[in-house]
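**Student:** below are the sequence and a predicted model for it; my questions follow.
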Amino acid sequence: MSLLNHSLGALARDIPGATRVFHHYRLDYCCGGNMLLSEALAERGLDAAEVIARLEALPARNEDDTNWAEAGTGELIDHILARYHEVHRQQLAELTGLARRVEAVHEEHPLCPKGLADHLEGMGQELESHMQKEEQILFPMLRRGLFAPAQGPISVMRMEHNDHGQALARLLELTNHLALPADACGSWQALYAGIEELQNDLMQHIHLENNLLFSPSRHQEVQHG
């Protein structure tokens, strides 16, 4: 069935990251969540093909079939920057806003994830600092083949990766392991879907760095090649 025949609320719930697209086009997936995408696009005079292309281009939950262990260091870094760094920046900003909305509207609900927005905001700040250090210091060193001098920054990044793992664990505690109440609204559903996407993405991101990009064998091969 075409995405056009799904409601905005269903798409926001079922496609992690769809809320970013809806915000971009100012489509109301919350209060107007029962409206079909086709109806919403017609009402606002939007190009259906353009919006659908944006939705279909959202990163999948699972990594593609590329064997990143065999990719060049520069290619792997480019992939990490495009697939994770830029996506995380969008994810954290969007999720923080959604969490603040849910906490404000459902403050009296017994399952309201109180403190979630502040935690997401803190995660965003920590992750931004981490990614900037990689972008400005570590990645340029690795691109130039300076693996031995990069050991200090790599050690710091590994420690911060552990901190990110703890932050993810706290995220699950605050959301009762993403268990939604039966009466969860569209925003609440979209929030937890987005958090699940963030968790999967961040874990894969850390895996690619810890186990592939920071691997001594990768850089020995480059140096000896």
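**Tutor:** Sure thing, it's come through. Residues are numbered from 1 along each chain as shown.
**Student:** how about the secondary structure of residue 53?
**Tutor:** Put simply, residue 53 is helix when judged by DSSP: H, G, I helix; E, B strand; the rest coil.
**Student:** isn't residue 161 up against residue 206?
**Tutor:** Yes. Assessed by CB atoms under 8 Å, residue 161 is found in contact with residue 206 at 4.8 Å. All C-beta atoms are positioned from the backbone trio N, CA, C, and that covers glycine.
**Student:** can you list the weak-confidence ranges in this protein?
**Tutor:** Applying pLDDT under 70 to the chain flags residues 1, 30-32, 60-65, 220-225.
**Student:** what separation is there between residue 100 and residue 67?
**Tutor:** For residue 100, the distance to residue 67 equals 40 Å [CB to CB, to the nearest Å].
**Student:** neighbour count: those two, which is higher?
**Tutor:** Ranked by neighbour count (other CB atoms under 10 Å), residue 100 and residue 67 place residue 100 first, with 16 against 6.
**Student:** before we move on, which element is that one in?
**Tutor:** Following DSSP states H and E, one finds residue 100 within helix 86-105.
**Student:** packing partners for that helix?
**Tutor:** Under the contact criterion of 3 or more CB pairs under 8 Å, 6 or more residues apart in numbering; DSSP states H and E, helix 86-105 touches helix 18-25, helix 116-133, helix 186-207.
**Student:** other residues contacting it?
**Tutor:** The contact list for helix 86-105, computed with CB atoms under 8 Å, 6 or more residues apart in numbering, reads 17, 19-20, 23, 59, 112-114, 116-117, 120-121, 123-124, 127-128, 131, 185, 187-188, 190-191, 194-195, 197-198, 201-202, 205.
**Student:** which parts of stretch 168-186 are buried?
**Tutor:** 168, 171, 174-175, 180, 184-186 (16 or more other CB atoms under 10 Å).
**Student:** which of the residues you listed sits closest to residue 50?
**Tutor:** For the buried residues of stretch 168-186, the minimum distance to residue 50 (CB to CB) is 22.9 Å, reached by residue 186.
**Student:** roughly how far does the residue nearest the centre of the chain sit from residue 43?
**Tutor:** Centroid check for the chain by CA atoms, centre = their mean gives residue 198 as the closest residue, at 3.8 Å. For residue 198, the distance to residue 43 equals 31 Å [CB to CB].
**Student:** contacts made by stretch 5-13 with the rest, please.
**Tutor:** Stretch 5-13 is touched from outside by 3, 14, 18-19, 22, 27-30, 32-38, 40, 55, 186, 189-190, 193, with contacts defined as CB under 8 Å, 6+ apart.
**Student:** give me that answer again for 6 Å
**Tutor:** Applying CB atoms under 6 Å, 6 or more residues apart in numbering, the contact partners of stretch 5-13 are 18-19, 27, 29, 33-37, 40, 186, 189-190, 193.
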